[in-house]
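K.L.:
Here you go, sequence then predicted model.
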Amino acid sequence: MDENRTSNYVLVFMKNLNLVIVLYITVLMAYSLSGYIREKSAYPFLLKIDEIPYTAEKILLMALCLYGCVLLLMYMRNVNSTGLAGKVFLEIGACIALSYILEFSYTGTILLVLADTMKWFPRSKWKFPTAVLICMFYLLMDFHLLAAWFHLVPLEVYLGYFQTDVRSVLLGVVNILSSLNTFVFLVYMVLLVRIELNEKDKILSLNEQLNTANMDLQQANIQLEEYARESVQMAQTRERNRLAREIHDTLGHALTGIITGIEACMALMDVAPEATKVQLKAISEVARQGVTDVRRSVKALRPDALEKLDLEKALLQTVEEMCTATSARIEYRCTTRLSGFNEDEEDIIYRIVQESITNAIRHGKADEIRIQIDREYNMLKIHIKDNGIGCKTIQKGFGLHHMEERLNMLHGSLAYNGEDGFLVEAQIPIRWGTEE
């Protein structure tokens with residue numbers, strides 16, 4: 001098991017441990033208050049405090065809600081630098097509020113925030129000051145220091161409801177859990193330091209490799225002259241493949257819509273002439289668009305839809321055109337914005353959706369297609385599923401082969417399955433993710 005995965009497990013354990021500690025202390029406080037009220041023996045307790053505490057139910061509810069807010073904020077990672085700083089301040093605020101509810105008898109949740117921040121905060125000039133700020137809050141959240149400004153009630157006063165020996169055991173458990181939280185935090189930080197050192201070792205190793213590569217550069221330059229002629233031939237081959245791929249994507253997509261639409265017209269011609277005219281008009285639009293795209297492909301330009309529209313609108317247009325031309329039901333859902341991509345990224349996203357629709361209708365005889373586009377961290381995920389006849393033994397044709405080829409250029413990946421209909425799943429790294 002690598003150290004990254006181990007550190008993740010330790011962080012999860014620390015979250016669960018803090019939940020146990022918060023629950024344990026709030027239950028003790030709530031049970032003590034309820035006991036005082038139930039037995040009508042609250043007068044000695046009230047003499048030791050300056051303010052009436054919250055009810056048992058409010059203490060339990062507020063503590064759980066505040067800790068839930070801390071955990072929820074920790075799961076928010078894909079935000080920009082300003083949002084990340086705001087998230088850290090909100091986490092600190094929630095921890096302070098939680099400690100206040102617990103009468104500052106436990107402040108270990110701030111260590112959890114520090115651990116999470118050191119794990120996910122980007123490596124920048126603000127990382128160390130942020131860690132120092134969190135440590136300052138942790139040091140200042142001391143019961144005896146804050147008691148001068150706030151009317152705090154020691155946990156021992158709440159536990160006065162119990163017998164002396166029982167009270168000692170309960171306080172001992174609190175101390176043990178707090179110490180365990182501190183120990184787990186230290187283990188976690190040691191793991192992070194080891195991960196950092198390993199990364200630095202890898203960088204040093206890469207630098208050594210680069211130095212070795214530079215020594216071989218002169219010999220490589222001599223070999224480049226010999227490869228120049230072969231490179232010209234390879235460039236010509238790639239250009240032929242590009243033209244073949246573009247024509248396959250554009251013309252194949254258009255012809256699939258035309259063929260399927262004509263078949264629908266033949267079925268409607270006798271029973272619904274007006275509907276047939278509408279269908280033929282849609283087929284005509286698909287044909288014209290196909291001709292335009294083929295011309296642009298030959299001229300090495302982008303798809304016509306992407307020249308005129310942004311990526312989101314271009315995808316919606318191709319979905320609507322195929323729905324109209326083929327009568328297939330296509331459900332399109334996108335949960336992330338599709339702006340900020342480079343042209344090569346937009347092209348592959350558009351072509352994957354276009355090619356998958358074409359294959360589903362042409363080869364799979366599908367009449368229902370579901371398209372889902374999501375973002376998970378810095379990865380765009382495209383999920384396309386149809387209800388066609390599927391294919392248990394998949395032999396990669398021109399379309400799948402060139403989808404993989406396009407994705408490999410962007411360091412993406414493609415998966416497909418034909419057991420139940422046909423499923424295509426593509427993943428594309430988002431290069432602008434950290435800036436956004």
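P.N.:
Cool, the structure landed. Residues are numbered from 1 along each chain as shown.

K.L.:
Trp120: neighbour count?
P.N.:
Trp120: 14 surrounding residues under other CB atoms under 10 Å. C-beta here means a position set from N, CA and C on the backbone, and glycine is covered the same way.

K.L.:
correction: Glu321
P.N.:
20.

K.L.:
Not counting sequence-adjacent ones, nearest residue to it?
P.N.:
Val286 (5.8 Å; CB to CB, 6 or more residues apart in numbering).

K.L.:
got it, and His383?
P.N.:
Nearest residue to His383, sequence neighbours excluded (CB to CB, 6+ apart): Gln372, at 4.2 Å.

K.L.:
State the mean pLDDT of the helix or strand harbouring Asp344.
P.N.:
Asp344 belongs to helix 343-362 when assigned by DSSP states H and E. Over the span of helix 343-362, the pLDDT mean works out to 86.

K.L.:
Quick one: distance of that helix to the chain centre.
P.N.:
23 Å (CA atoms, centre = their mean, to the nearest Å).

K.L.:
circling back: now for the residue nearest to His383: which residues touch it?
P.N.:
Arg333, Cys334, Thr335, Ile382, His383, Ile384 (CB atoms under 8 Å, 6 or more residues apart in numbering).

K.L.:
tally of neighbours for His151?
P.N.:
Applying other CB under 10 Å, we find 10 residues neighbouring His151.

K.L.:
The residue nearest to Glu321 and Thr326 touch, don't they?
P.N.:
No - using CB atoms under 8 Å, Val286 is not in contact with Thr326, being 9.0 Å away.

K.L.:
which other helices and strands contact the helix holding Asp344?
P.N.:
In terms of contacts (3 or more CB pairs under 8 Å, 6 or more residues apart in numbering; DSSP states H and E), helix 343-362 is packed against helix 217-268, helix 304-308, helix 311-326, strand 368-376, strand 379-386, helix 398-409, strand 422-429.

K.L.:
about what we covered before: just grab the bridge partners of the residue nearest to His383 for me.
P.N.:
Taking DSSP bridges as the rule, Gln372 bridges to Arg333, His383.

K.L.:
As a check, name the ranges of all helices in the stretch 51-200 of the chain.
P.N.:
In the stretch 51-200 of the chain, the segments counted as helices under DSSP state H, counting those that start in this stretch are 56-74, 81-101, 109-120, 127-140, 143-146, 155-158, 164-215.

K.L.:
any idea which of those helices is most buried?
P.N.:
Greatest average neighbour count among these goes to helix 109-120 (a mean of 22), per mean count of other CB atoms under 10 Å.

K.L.:
Just want the angle from it to helix 127-140.
P.N.:
Angle of helix 109-120 versus helix 127-140, following axes from the mean of the first three to the mean of the last three CA atoms, to 10 degrees, is 170 degrees.

K.L.:
circling back: neighbour count: Val286 and Thr326, which is higher?
P.N.:
Higher neighbour count among Val286 and Thr326: Thr326, with 28 against 23, using other CB under 10 Å.

K.L.:
In space, what's closest to that one - neighbours in sequence excluded?
P.N.:
In space, and not counting its chain neighbours, Thr326 is closest to Thr260: 4.0 Å by CB to CB, 6+ apart.

K.L.:
one step back: buried ones in the helix holding Asp344, by neighbour count?
P.N.:
Across helix 343-362, burial judged by 16 or more other CB atoms under 10 Å covers 345-362.

K.L.:
before we move on, what about stretch 23-31?
P.N.:
Within stretch 23-31, the residues that count as buried by 16+ other CB under 10 Å are Ile25, Thr26, Leu28, Met29, Ala30, Tyr31.

K.L.:
got it, and stretch 404-415?
P.N.:
Glu404, Arg406, Leu407, Leu410, Gly412, Leu414.

K.L.:
Am I right that the last one falls within a helix?
P.N.:
No - when DSSP: H, G, I helix; E, B strand; the rest coil is applied, Leu414 is found to be strand, with no helix at that position.

K.L.:
correct me, but it touches Leu423?
P.N.:
No - Leu414 is not in contact with Leu423 according to CB under 8 Å; the separation is 11.3 Å.

K.L.:
comparing the helices of the stretch 51-200 of the chain, which gets the lowest mean pLDDT score?
P.N.:
Confidence, taken as mean pLDDT, is least for helix 143-146 of the helices of the stretch 51-200 of the chain (a mean of 62).

K.L.:
ok, back up a step: could you measure the residue nearest to His383 against Leu73, distance?
P.N.:
Distance, Gln372 to Leu73, using CB to CB, to the nearest Å: 27 Å.

K.L.:
re earlier: would a markdown table of the buried residues of stretch 23-31 with distance to Cys265, secondary structure and pLDDT be doable?
P.N.:
Shown next, in a markdown table, are these (distance: CB to CB, whole Å; DSSP: H, G, I helix; E, B strand; the rest coil; pLDDT from 0 to 100):
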| residue | distance to Cys265 | secondary structure | pLDDT |
| --- | --- | --- | --- |
| Ile25 | 74 | helix | 90 |
| Thr26 | 70 | helix | 90 |
| Leu28 | 77 | helix | 88 |
| Met29 | 76 | helix | 86 |
| Ala30 | 73 | helix | 86 |
| Tyr31 | 77 | helix | 86 |
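
K.L.:
Name the nearest of those residues relative to Cys135.
P.N.:
Using CB to CB, Ile25 is the member of those that lies nearest Cys135, at 22.6 Å.

K.L.:
Isn't that closest one up against Val174?
P.N.:
Yes - Ile25 is within contact range of Val174, at 6.5 Å (criterion: CB under 8 Å).

K.L.:
intersection of neighbour lists for those two?
P.N.:
Common contacts of Ile25 and Val174 (CB under 8 Å, 6+ apart): Ser105, Tyr106, Leu155.

K.L.:
which one of those sits closest to Ala272?
P.N.:
Using CB to CB, Tyr106 is the member of the shared contacts of Ile25 and Val174 that sits closest to Ala272, with 73.8 Å.

K.L.:
tell me the phi and psi of the closest one?
P.N.:
The phi and psi values for Tyr106, taken as degrees, to the nearest 10, are phi -150, psi 130.

K.L.:
residue contacts, it?
P.N.:
Residues in contact with Tyr106 (CB under 8 Å, 6+ apart) are Ile21, Val22, Ile25, Ser99, Val174, Ser178.

K.L.:
Name the stretch from the helices of the stretch 51-200 of the chain that approaches Glu3 most closely.
P.N.:
The minimum distance between Glu3 and the helices of the stretch 51-200 of the chain falls on helix 164-215, with 5.3 Å, by CB to CB.

K.L.:
what angle do that closest one and helix 109-120 make?
P.N.:
Interaxial angle of helix 164-215 relative to helix 109-120 (the same axes, to 10 degrees): 10 degrees.

K.L.:
No further queries at this time; thank you.
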